[in-house]
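> my questions concern the predicted model and sequence given below.
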Amino acid sequence: MTKKTTEKQRLRAPSKRSIASRSRILDAAETVFARDGFEGAKVRDIAALAEVPLGLVNHHGGSKEALFREVVERRAEELARLRLEALAQAKGQGALDLTAILGCFFRPYLAKAAGSDPQWLAYARLVAMVSADPAWADISTDLFDPTAQRFMDEICALHPKVSRAVVAEGFVYSVAALLAFLTSEWRIAALASQSDAQGSVEGLVAFCAAGCAARIAQAET
């Protein structure tokens, strides 16, 4: 390798400082988008939270829409991998039922949200935004639908006489419950008038599995 080639590679490789700045920008964008929504989010607020010049946000993220898409995308691949690994492991242990299938979809996300990285809770709010707004349908199609379809395949295999539309209905309701669990858990304590009251993963999975089963049974009759 010539000295000239080495110098060119060094110029192309991002510095540790650049990588750190980019990470702070994406974390800040995730927080601001989750707090203020896409329309309400201001690039200057993202820059202030990341403690970087405003121009650096534009340099790393491009347009606000491009930055939003990048923020949503950066955790999607990891989440999909964890969910599919959980599903494969569960299938290796025996036949699946609705509770097991939904548990494999929910638990990796919930484990991340309960971990040491608070950004996963902000990410849940972004996913809720994307899921609720048809304007972001292409993001759902590209990043979330392939994994969702894989889990729906397993449910359809359990109930081959039920249309995929019915399975999709139950699955979408279940994902909505998951997002509510992540973003509105404080409401359980408020409605229960108990400061220590909280939801449980087991309760969430049981609720969603029972709801899906009821909808499927209704369609089968």
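Thanks, I have the structure now. Numbering: from 1, shown residues only.
> distance from the host helix or strand of Leu84 to the middle of the chain?
Taking DSSP states H and E as the definition, Leu84 sits inside helix 64-92. The chain centroid and the centroid of helix 64-92 are separated by 7 Å under C-alpha atoms, centre = their mean, to the nearest Å.
> cool, stretch 26-44 as well?
The chain centre lies 16 Å from the centre of stretch 26-44; the measure is C-alpha atoms, centre = their mean.
> roughly how far apart are Asp27 and Phe33?
11 Å (C-beta to C-beta, to the nearest Å). C-beta: built from backbone N, CA, C; applies to glycine.
> neighbour-wise, which of the two wins?
Phe33 (23 against 19; other C-beta atoms under 10 Å).
> could you grab the helix/strand/coil label for that one?
Under DSSP: H, G, I helix; E, B strand; the rest coil, the three-state class of Phe33 is helix.
> residues near the spatially closest residue to it that is not a sequence neighbour, how many?
Spatial nearest neighbour of Phe33, chain neighbours left out: Ala41 (5.0 Å); criterion: C-beta to C-beta, 6 or more residues apart in numbering. By other C-beta under 10 Å, 19 other residues sit near Ala41.
> and Ala41, its phi and psi?
Taking degrees, to the nearest 10, you get phi -70, psi 140 for the backbone angles of Ala41.
> what do you get for the one 10 residues further on?
The phi/psi pair for Glu51 (degrees, to the nearest 10) reads phi 60, psi 50.
> show me the contacts for it.
Residues near Glu51 by C-beta atoms under 8 Å, 6 or more residues apart in numbering: Arg24.
> what does the pLDDT read for it?
What the model reports for Glu51 is a pLDDT of 91.
> can you check Met1 too?
So, for Met1, pLDDT stands at 54.
> what does the one 4 residues further on give?
For Thr5, the pLDDT comes out at 52.
> over to Gly115?
Gly115 carries a pLDDT value of 82.
> where does pLDDT dip in this structure?
Residues of the chain meeting the criterion pLDDT under 70: 1-15, 17, 60-61.
> quick one, strands of it?
For the chain, strands defined by DSSP state E do not occur.
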